[in-house]
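Chemist: this one's sequence-less:
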(Lines give C-alpha, C1' and ligand atoms only; values in the text may rest on other atoms or scores of the structure.)
Protein backbone atom coordinates (compact mmCIF):
# COMPACT_ATOMS: atom_id res chain seq x y z
CA UNK A 1 0.00 0.00 0.00
CA UNK A 2 2.89 2.39 0.81
CA UNK A 3 4.42 1.81 -2.62
CA UNK A 4 1.09 2.63 -4.28
CA UNK A 5 0.47 5.82 -2.27
CA UNK A 6 3.96 7.25 -2.61
CA UNK A 7 3.79 7.85 -6.40
CA UNK A 8 0.30 9.28 -5.99
CA UNK A 9 1.58 11.65 -3.30
CA UNK A 10 4.43 12.80 -5.55
CA UNK A 11 1.97 13.50 -8.37
CA UNK A 12 -0.23 15.56 -6.05
CA UNK A 13 2.76 17.59 -4.83
CA UNK A 14 3.83 18.32 -8.39
CA UNK A 15 0.29 19.37 -9.29
CA UNK A 16 0.15 21.75 -6.35
CA UNK A 17 3.45 23.28 -7.40
CA UNK A 18 2.18 23.77 -10.95
CA UNK A 19 -0.98 25.39 -9.65
CA UNK A 20 1.03 27.72 -7.41
CA UNK A 21 3.09 28.73 -10.43
CA UNK A 22 0.02 29.72 -12.44
CA UNK A 23 -1.27 33.27 -12.71
CA UNK A 24 -4.20 34.81 -14.54
CA UNK A 25 -1.90 35.03 -17.54
CA UNK A 26 -1.06 31.32 -17.61
CA UNK A 27 1.66 29.16 -16.07
CA UNK A 28 5.19 30.40 -15.61
CA UNK A 29 8.34 28.75 -14.39
CA UNK A 30 9.42 29.40 -10.82
CA UNK A 31 13.11 28.58 -11.19
CA UNK A 32 14.20 32.20 -11.68
CA UNK A 33 13.30 35.79 -10.87
CA UNK A 34 10.29 37.45 -12.45
CA UNK A 35 9.88 41.01 -13.65
CA UNK A 36 6.71 43.05 -13.97
CA UNK A 37 5.51 43.60 -17.53
CA UNK A 38 4.18 47.04 -18.41
CA UNK A 39 0.88 46.76 -20.32
CA UNK A 40 0.89 47.94 -23.93
CA UNK A 41 -2.87 48.33 -24.24
CA UNK A 42 -4.43 49.41 -20.99
CA UNK A 43 -3.55 50.56 -17.48
CA UNK A 44 -3.05 48.56 -14.29
CA UNK A 45 -5.55 49.10 -11.49
CA UNK A 46 -4.13 50.18 -8.15
CA UNK A 47 -5.24 51.54 -4.80
CA UNK A 48 -4.15 52.62 -1.38
CA UNK A 49 -6.89 51.35 0.89
CA UNK A 50 -7.91 52.92 4.19
CA UNK A 51 -6.79 50.10 6.47
CA UNK A 52 -7.63 52.11 9.56
CA UNK A 53 -4.31 52.09 11.37
CA UNK A 54 -1.81 54.22 9.48
CA UNK A 55 -0.47 53.95 5.97
CA UNK A 56 1.62 50.85 6.64
CA UNK A 57 -1.16 48.61 7.98
CA UNK A 58 -2.58 46.22 5.38
CA UNK A 59 -5.17 43.48 5.83
CA UNK A 60 -6.21 40.76 3.42
CA UNK A 61 -9.84 41.36 4.33
CA UNK A 62 -9.63 45.00 3.27
CA UNK A 63 -8.15 44.02 -0.09
CA UNK A 64 -10.84 41.49 -0.87
CA UNK A 65 -13.55 43.86 0.37
CA UNK A 66 -12.32 46.60 -1.97
CA UNK A 67 -12.35 44.16 -4.86
CA UNK A 68 -15.94 43.14 -4.09
CA UNK A 69 -16.92 46.79 -3.66
CA UNK A 70 -15.52 47.94 -7.00
CA UNK A 71 -15.97 44.79 -9.07
CA UNK A 72 -12.36 44.39 -10.22
CA UNK A 73 -9.17 43.06 -8.59
CA UNK A 74 -6.13 45.22 -7.96
CA UNK A 75 -2.90 44.76 -9.89
CA UNK A 76 -0.98 47.01 -7.47
CA UNK A 77 -1.54 47.75 -3.78
CA UNK A 78 0.18 50.81 -2.28
CA UNK A 79 1.20 51.39 1.32
CA UNK A 80 3.55 53.55 3.35
CA UNK A 81 6.90 52.33 4.63
CA UNK A 82 8.36 55.01 6.89
CA UNK A 83 11.96 54.99 8.08
CA UNK A 84 10.79 55.58 11.64
CA UNK A 85 9.54 51.99 11.69
CA UNK A 86 13.11 50.80 10.97
CA UNK A 87 11.97 47.67 9.15
CA UNK A 88 11.28 46.23 5.73
CA UNK A 89 7.53 45.39 5.66
CA UNK A 90 7.98 41.70 4.88
CA UNK A 91 4.63 40.58 6.27
CA UNK A 92 2.83 43.29 4.31
CA UNK A 93 4.45 42.64 0.94
CA UNK A 94 3.88 38.90 1.27
CA UNK A 95 0.23 39.51 2.09
CA UNK A 96 -0.17 41.74 -0.97
CA UNK A 97 1.58 39.12 -3.09
CA UNK A 98 -0.66 36.36 -1.77
CA UNK A 99 -3.66 38.46 -2.75
CA UNK A 100 -2.24 38.54 -6.30
CA UNK A 101 -0.97 42.12 -6.57
CA UNK A 102 2.40 43.85 -6.71
CA UNK A 103 3.33 46.00 -3.69
CA UNK A 104 4.03 49.70 -4.18
CA UNK A 105 6.01 51.04 -1.21
CA UNK A 106 6.16 54.74 -0.45
CA UNK A 107 9.57 54.47 1.23
CA UNK A 108 9.81 57.74 3.13
CA UNK A 109 12.71 59.06 5.27
CA UNK A 110 10.22 60.18 7.92
CA UNK A 111 10.41 59.82 11.68
CA UNK A 112 7.62 59.44 14.21
CA UNK A 113 5.09 60.95 14.86
CA UNK A 114 4.85 61.43 11.04
CA UNK A 115 3.40 64.93 11.16
CA UNK A 116 3.39 66.90 7.93
CA UNK A 117 5.32 70.15 8.01
CA UNK A 118 7.95 68.94 10.47
CA UNK A 119 11.59 69.66 9.72
CA UNK A 120 14.31 67.09 9.07
CA UNK A 121 15.28 64.95 12.06
CA UNK A 122 17.47 61.88 12.32
CA UNK A 123 16.65 60.94 8.71
CA UNK A 124 17.53 64.32 7.22
CA UNK A 125 19.15 64.31 3.79
CA UNK A 126 22.49 65.51 5.13
CA UNK A 127 22.56 62.72 7.72
CA UNK A 128 21.74 60.15 5.05
CA UNK A 129 24.64 61.38 2.91
CA UNK A 130 26.91 61.30 5.94
CA UNK A 131 26.27 57.57 6.32
CA UNK A 132 24.20 57.83 9.50
CA UNK A 133 21.46 55.57 8.10
CA UNK A 134 23.61 53.02 6.27
CA UNK A 135 22.82 50.04 8.47
CA UNK A 136 19.08 50.53 8.14
CA UNK A 137 19.31 50.97 4.35
CA UNK A 138 21.46 47.85 4.03
CA UNK A 139 19.20 45.74 6.24
CA UNK A 140 16.14 46.96 4.33
CA UNK A 141 17.82 46.12 1.00
CA UNK A 142 18.77 42.63 2.19
CA UNK A 143 15.17 41.94 3.19
CA UNK A 144 13.89 43.28 -0.14
CA UNK A 145 16.32 41.02 -1.99
CA UNK A 146 15.25 38.00 0.06
CA UNK A 147 11.60 38.75 -0.71
CA UNK A 148 12.65 38.31 -4.32
CA UNK A 149 9.42 39.22 -6.12
CA UNK A 150 8.84 42.45 -8.08
CA UNK A 151 8.53 45.56 -5.93
CA UNK A 152 7.61 49.10 -6.94
CA UNK A 153 9.32 51.63 -4.68
CA UNK A 154 9.17 55.40 -4.64
CA UNK A 155 11.69 57.09 -2.36
CA UNK A 156 11.10 60.58 -0.94
CA UNK A 157 7.87 61.28 -2.78
CA UNK A 158 6.40 64.74 -3.49
CA UNK A 159 9.70 66.45 -2.76
CA UNK A 160 8.48 69.48 -4.74
CA UNK A 161 5.98 70.38 -2.01
CA UNK A 162 6.25 71.93 1.44
CA UNK A 163 4.71 69.19 3.60
CA UNK A 164 7.47 66.58 3.94
CA UNK A 165 10.81 67.11 5.74
CA UNK A 166 12.83 65.86 2.73
CA UNK A 167 11.30 68.52 0.47
CA UNK A 168 13.67 70.81 -1.41
CA UNK A 169 11.90 73.71 0.29
CA UNK A 170 13.55 72.76 3.61
CA UNK A 171 17.01 72.11 2.15
CA UNK A 172 18.04 75.45 0.76
CA UNK A 173 15.14 75.83 -1.64
CA UNK A 174 16.12 78.07 -4.55
CA UNK A 175 19.56 79.15 -3.40
CA UNK A 176 21.87 78.99 -6.43
CA UNK A 177 24.82 76.64 -5.88
CA UNK A 178 26.26 76.49 -9.39
CA UNK A 179 25.69 76.01 -13.09
CA UNK A 180 26.07 72.98 -15.36
CA UNK A 181 25.34 72.56 -19.07
CA UNK A 182 23.55 75.91 -19.18
CA UNK A 183 21.39 74.88 -16.21
CA UNK A 184 21.18 76.62 -12.88
CA UNK A 185 21.67 74.32 -9.90
CA UNK A 186 19.59 74.99 -6.79
CA UNK A 187 20.41 73.91 -3.24
CA UNK A 188 17.18 72.11 -2.35
CA UNK A 189 16.82 69.98 -5.49
CA UNK A 190 20.55 69.22 -5.66
CA UNK A 191 20.63 67.88 -2.11
CA UNK A 192 17.57 65.75 -2.80
CA UNK A 193 19.12 64.28 -5.95
CA UNK A 194 22.31 63.39 -4.12
CA UNK A 195 20.39 61.64 -1.35
CA UNK A 196 18.14 59.77 -3.81
CA UNK A 197 21.16 58.46 -5.73
CA UNK A 198 22.95 57.54 -2.50
CA UNK A 199 20.03 55.44 -1.28
CA UNK A 200 19.47 53.69 -4.62
CA UNK A 201 23.18 52.98 -5.03
CA UNK A 202 23.32 51.41 -1.58
CA UNK A 203 20.28 49.23 -2.17
CA UNK A 204 21.60 48.09 -5.53
CA UNK A 205 24.95 47.27 -3.97
CA UNK A 206 23.09 44.69 -1.85
CA UNK A 207 21.80 43.08 -5.10
CA UNK A 208 18.14 43.97 -4.53
CA UNK A 209 17.49 43.89 -8.26
CA UNK A 210 13.78 43.09 -7.91
CA UNK A 211 12.98 46.77 -7.23
CA UNK A 212 11.58 49.15 -9.84
CA UNK A 213 12.42 52.67 -8.66
CA UNK A 214 9.93 55.50 -9.06
CA UNK A 215 10.47 59.26 -9.25
CA UNK A 216 7.26 60.59 -7.73
CA UNK A 217 6.33 64.29 -7.73
CA UNK A 218 3.24 66.27 -6.83
CA UNK A 219 1.38 67.36 -9.95
CA UNK A 220 1.86 71.06 -9.18
CA UNK A 221 4.91 72.30 -7.32
CA UNK A 222 4.53 74.33 -4.17
CA UNK A 223 5.80 76.98 -4.38
CA UNK A 224 5.47 77.35 -8.14
CA UNK A 225 8.92 78.74 -8.76
CA UNK A 226 11.55 77.96 -11.40
CA UNK A 227 13.84 76.28 -8.86
CA UNK A 228 11.05 73.88 -7.85
CA UNK A 229 10.34 72.33 -11.28
CA UNK A 230 10.29 68.56 -11.73
CA UNK A 231 13.41 68.59 -13.87
CA UNK A 232 15.58 70.10 -11.13
CA UNK A 233 14.92 67.07 -8.89
CA UNK A 234 15.27 64.34 -11.50
CA UNK A 235 18.17 62.05 -10.44
CA UNK A 236 18.72 60.71 -13.95
CA UNK A 237 17.59 57.84 -16.16
CA UNK A 238 20.01 55.37 -14.55
CA UNK A 239 18.25 55.81 -11.20
CA UNK A 240 14.61 55.78 -12.31
CA UNK A 241 12.43 53.03 -13.79
CA UNK A 242 9.11 54.89 -13.79
CA UNK A 243 7.80 58.43 -13.48
CA UNK A 244 5.06 59.10 -10.92
CA UNK A 245 2.51 61.83 -10.29
CA UNK A 246 0.14 62.63 -7.44
CA UNK A 247 -3.04 64.03 -9.00
CA UNK A 248 -5.72 65.08 -6.53
CA UNK A 249 -8.85 67.13 -6.82
CA UNK A 250 -10.38 69.01 -3.88
CA UNK A 251 -9.27 67.37 -0.63
CA UNK A 252 -10.11 69.99 1.99
CA UNK A 253 -13.04 72.28 2.69
CA UNK A 254 -10.87 75.37 2.19
CA UNK A 255 -9.81 74.37 -1.34
CA UNK A 256 -11.55 75.25 -4.57
CA UNK A 257 -13.03 72.68 -6.93
CA UNK A 258 -10.91 71.55 -9.87
CA UNK A 259 -11.68 69.19 -12.75
CA UNK A 260 -9.52 66.14 -13.35
CA UNK A 261 -8.24 67.22 -16.75
CA UNK A 262 -6.96 70.50 -15.32
CA UNK A 263 -5.02 68.61 -12.65
CA UNK A 264 -3.57 65.98 -14.99
CA UNK A 265 -2.84 67.32 -18.47
CA UNK A 266 -0.13 69.89 -17.78
CA UNK A 267 1.81 67.85 -15.19
CA UNK A 268 1.68 64.77 -17.44
CA UNK A 269 3.23 66.73 -20.29
CA UNK A 270 5.91 68.11 -17.96
CA UNK A 271 6.91 64.78 -16.46
CA UNK A 272 7.06 63.11 -19.88
CA UNK A 273 9.77 65.59 -20.86
CA UNK A 274 12.11 64.14 -18.23
CA UNK A 275 12.58 60.95 -20.24
CA UNK A 276 11.23 59.84 -23.59
CA UNK A 277 10.80 56.17 -22.68
CA UNK A 278 9.99 55.71 -18.99
CA UNK A 279 6.46 54.52 -18.16
CA UNK A 280 4.28 57.00 -16.30
CA UNK A 281 2.24 56.13 -13.20
CA UNK A 282 -0.42 58.12 -11.43
CA UNK A 283 1.00 56.96 -8.12
CA UNK A 284 -1.83 58.65 -6.20
CA UNK A 285 -5.14 60.13 -7.27
CA UNK A 286 -8.45 60.93 -5.67
CA UNK A 287 -11.00 63.57 -4.75
CA UNK A 288 -13.14 64.41 -1.75
CA UNK A 289 -16.92 64.54 -1.44
CA UNK A 290 -17.75 68.27 -1.49
CA UNK A 291 -21.16 69.10 -2.98
CA UNK A 292 -21.94 70.87 -5.21
CA UNK A 293 -18.61 69.68 -6.60
CA UNK A 294 -19.23 66.65 -8.80
CA UNK A 295 -17.09 63.85 -7.33
CA UNK A 296 -18.80 61.23 -9.47
CA UNK A 297 -18.04 63.28 -12.57
CA UNK A 298 -14.39 63.71 -11.52
CA UNK A 299 -14.00 59.93 -11.08
CA UNK A 300 -15.84 59.09 -14.29
CA UNK A 301 -13.68 61.49 -16.29
CA UNK A 302 -10.46 60.14 -14.80
CA UNK A 303 -11.31 56.49 -15.42
CA UNK A 304 -12.44 57.27 -18.95
CA UNK A 305 -9.54 59.52 -19.96
CA UNK A 306 -6.52 57.98 -18.21
CA UNK A 307 -6.24 54.92 -20.51
CA UNK A 308 -7.15 56.91 -23.64
CA UNK A 309 -5.61 60.37 -23.47
CA UNK A 310 -2.29 59.59 -21.77
CA UNK A 311 -0.50 57.01 -23.92
CA UNK A 312 2.49 56.47 -21.62
CA UNK A 313 0.35 55.77 -18.56
CA UNK A 314 0.71 52.23 -17.20
CA UNK A 315 -0.76 52.40 -13.66
CA UNK A 316 -3.14 54.56 -11.62
CA UNK A 317 -3.47 54.18 -7.84
CA UNK A 318 -6.65 55.50 -6.22
CA UNK A 319 -6.30 56.88 -2.67
CA UNK A 320 -9.28 55.30 -0.86
CA UNK A 321 -9.20 57.00 2.54
CA UNK A 322 -11.24 59.16 4.92
CA UNK A 323 -9.60 61.27 7.63
CA UNK A 324 -10.39 64.02 10.14
CA UNK A 325 -8.71 67.41 9.71
CA UNK A 326 -7.48 69.70 12.48
CA UNK A 327 -10.53 71.96 12.05
CA UNK A 328 -12.87 69.04 12.77
CA UNK A 329 -13.95 68.58 9.15
CA UNK A 330 -13.51 65.32 7.27
CA UNK A 331 -11.86 64.59 3.96
CA UNK A 332 -13.60 61.61 2.42
CA UNK A 333 -11.82 60.34 -0.68
CA UNK A 334 -13.24 56.83 -0.49
CA UNK A 335 -14.82 55.54 -3.68
CA UNK A 336 -18.00 54.80 -1.74
CA UNK A 337 -18.36 58.22 -0.09
CA UNK A 338 -21.69 58.44 -1.94
CA UNK A 339 -23.74 56.06 -4.09
CA UNK A 340 -23.02 58.28 -7.10
CA UNK A 341 -19.26 58.19 -6.56
CA UNK A 342 -19.24 54.40 -6.14
CA UNK A 343 -21.35 53.90 -9.25
CA UNK A 344 -18.98 56.09 -11.26
CA UNK A 345 -15.97 54.13 -10.05
CA UNK A 346 -17.59 50.75 -10.69
CA UNK A 347 -18.68 51.69 -14.20
CA UNK A 348 -15.34 53.25 -15.12
CA UNK A 349 -13.09 50.52 -13.75
CA UNK A 350 -15.16 47.84 -15.51
CA UNK A 351 -13.63 48.88 -18.85
CA UNK A 352 -11.29 46.20 -20.27
CA UNK A 353 -8.68 48.97 -20.57
CA UNK A 354 -8.29 48.69 -16.78
CA UNK A 355 -6.17 45.62 -16.08
CA UNK A 356 -6.88 43.92 -12.76
CA UNK A 357 -3.98 41.49 -12.45
CA UNK A 358 -0.25 42.04 -12.92
CA UNK A 359 1.60 40.35 -15.76
CA UNK A 360 5.08 38.90 -15.33
CA UNK A 361 7.88 37.53 -17.44
CA UNK A 362 10.92 35.43 -16.68
CA UNK A 363 14.11 37.48 -16.41
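Modeler: Perfect, I can see it now. Please read all numbers here as calculations on a predicted model, not as lab measurements.
Chemist: okay, and for the stretch 1-150 of the chain, where does confidence drop off?
Modeler: Applying pLDDT under 70 to the stretch 1-150 of the chain flags the ranges 1-32, 52-55.
Chemist: which residue ranges of it form strands?
Modeler: Remark: strands assigned in the stretch 1-150 of the chain by DSSP state E, counting those that start in this stretch are 22-23, 26-27, 34-36, 43-49, 76-82, 102-108.
Chemist: possible to save these as CSV with mean neighbour count and distance to residue 358?
Modeler: Bear in mind the C-beta positions are built from the backbone N, C-alpha and C, glycine included. Converted to CSV, the strands of the stretch 1-150 of the chain look like this (neighbours: other Cβ atoms under 10 Å; distance: least, Cβ to Cβ, whole Å):
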stretch, mean neighbour count, distance to residue 358
strand 22-23, 12, 8
strand 26-27, 10, 13
strand 34-36, 19, 6
strand 43-49, 25, 7
strand 76-82, 23, 7
strand 102-108, 25, 5
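Chemist: the ones you listed: which one's closest to residue 277?
Modeler: Closest approach to residue 277 among the strands of the stretch 1-150 of the chain is made by strand 34-36 (16.1 Å; Cβ to Cβ).
Chemist: the closest one pairs with which strands?
Modeler: Sheet partners assigned to strand 34-36 using DSSP bridges are listed as strand 360-362 (antiparallel).
Chemist: can you mark which positions in the partner strand are buried?
Modeler: Residues of strand 360-362 classed as buried by neighbour count (16 or more other Cβ atoms under 10 Å): residue 360.
Chemist: again, but for stretch 57-71
Modeler: 58, 62, 63, 66, 67, 69, 70.
Chemist: can you give me the helices in the stretch 201-350 of the chain?
Modeler: Taking DSSP state H, counting those that start in this stretch, the helices of the stretch 201-350 of the chain run over residues 230-233, 260-272, 295-309, 339-349.
Chemist: out of the ones you listed, nearest to residue 181?
Modeler: Closest among the helices of the stretch 201-350 of the chain, using Cβ to Cβ: helix 230-233, at 12.0 Å.
Chemist: which strands and helices sit next to the closest one?
Modeler: helix 187-205, strand 211-218 (3 or more Cβ pairs under 8 Å, 6 or more residues apart in numbering; DSSP states H and E).
Chemist: residue 138 contacts residue 204, correct?
Modeler: No - using Cβ atoms under 8 Å, residue 138 makes no contact with residue 204, being 11.5 Å away.
Chemist: now the buried residues of stretch 57-71 in TSV, with distance to residue 328?
Modeler: Listed next are those as TSV, based on distance: Cβ to Cβ, whole Å:
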residue	distance to residue 328
58	28
62	26
63	31
66	28
67	33
69	28
70	30
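Chemist: let me know the closest of these to residue 78.
Modeler: For the buried residues of stretch 57-71, the nearest to residue 78 is residue 58 (9.6 Å; Cβ to Cβ).
Chemist: against residue 167, how distant is residue 228?
Modeler: The gap separating residue 228 from residue 167 is 9 Å, by Cβ to Cβ, to the nearest Å.
Chemist: repeat that for residue 262.
Modeler: Residue 262 sits 24 Å away from residue 167, going by Cβ to Cβ.
Chemist: same deal with residue 88?
Modeler: For residue 88, the distance to residue 167 equals 24 Å [Cβ to Cβ].
Chemist: hang on, the earlier thing: the more surrounded of residue 262 and residue 167?
Modeler: Taking other Cβ atoms under 10 Å, residue 262 and residue 167 do not tie; residue 167 has more neighbours (25 against 10).
Chemist: start to end distance for stretch 78-90?
Modeler: End-to-end distance of stretch 78-90: 14 Å, with Cα to Cα, to the nearest Å as the criterion.
Chemist: chain center to that stretch: distance?
Modeler: Taking Cα atoms, centre = their mean, to the nearest Å, the mean C-alpha location of stretch 78-90 is offset from the chain mean by 13 Å.
Chemist: quick revisit: CSV for the strands of the stretch 1-150 of the chain, including distance to residue 126?
Modeler: Formatted as CSV, these follow (distance: least, Cβ to Cβ, whole Å):
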stretch, distance to residue 126
strand 22-23, 44
strand 26-27, 49
strand 34-36, 34
strand 43-49, 30
strand 76-82, 19
strand 102-108, 17
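Chemist: out of those strands, which gets nearest to residue 128?
Modeler: Between residue 128 and the strands of the stretch 1-150 of the chain, the shortest gap by Cβ to Cβ is with strand 102-108, which sits at 12.2 Å.
Chemist: got the angle between that closest one and helix 187-205?
Modeler: 130 degrees (axes from the mean of the first three to the mean of the last three Cα atoms, to 10 degrees).
Chemist: hmm, back to that, name the residues contacting each of residue 228 and residue 167.
Modeler: When Cβ atoms under 8 Å, 6 or more residues apart in numbering defines a contact, the residues bordering residue 228 and residue 167 alike are 160, 188.
Chemist: my guess is residue 310 meets residue 269, correct?
Modeler: No - the criterion here is Cβ under 8 Å, and residue 310 misses it with residue 269 at 9.5 Å.
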